[in-house]
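*Asks:* sequence-free structure coming up:
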């Protein structure tokens, strides 16, 4: 993850914060603290986490 001073500019941090605010993740065990500790294994390009279907249908992002 990014260094702490860069988190304010990271769109992923904002999106995941909104997802935690509305309890959108399917896994109840996933917490912000755990998410911050996650590391992508070198053999992979990323990791995934499932979002509940009702939150995917109603995803709202601010329009600029």
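*Replies:* Thanks, I have the structure now. Not measured: the values here are computed from a predicted model.
*Asks:* alpha carbons only for contacts and neighbour counts from here, please
*Replies:* OK.
*Asks:* For residue 51, what are phi and psi?
*Replies:* Dihedral angles of residue 51 (phi, psi; degrees, to the nearest 10) stand at phi -100, psi 140.
*Asks:* and the residue nearest to it when sequence neighbours are not counted, what pLDDT?
*Replies:* For residue 51, ignoring the flanking residues on the chain, the nearest one in space by C-alpha to C-alpha, 6 or more residues apart in numbering is residue 25 at 4.5 Å. Per-residue confidence (pLDDT) for residue 25: 86.
*Asks:* I'd say residue 25 and residue 19 touch.
*Replies:* Yes - between residue 25 and residue 19 there is a contact under C-alpha atoms under 8 Å: 6.8 Å.
*Asks:* which residues touch residue 52?
*Replies:* Neighbour list for residue 52: 24-26 [criterion: C-alpha atoms under 8 Å, 6 or more residues apart in numbering].
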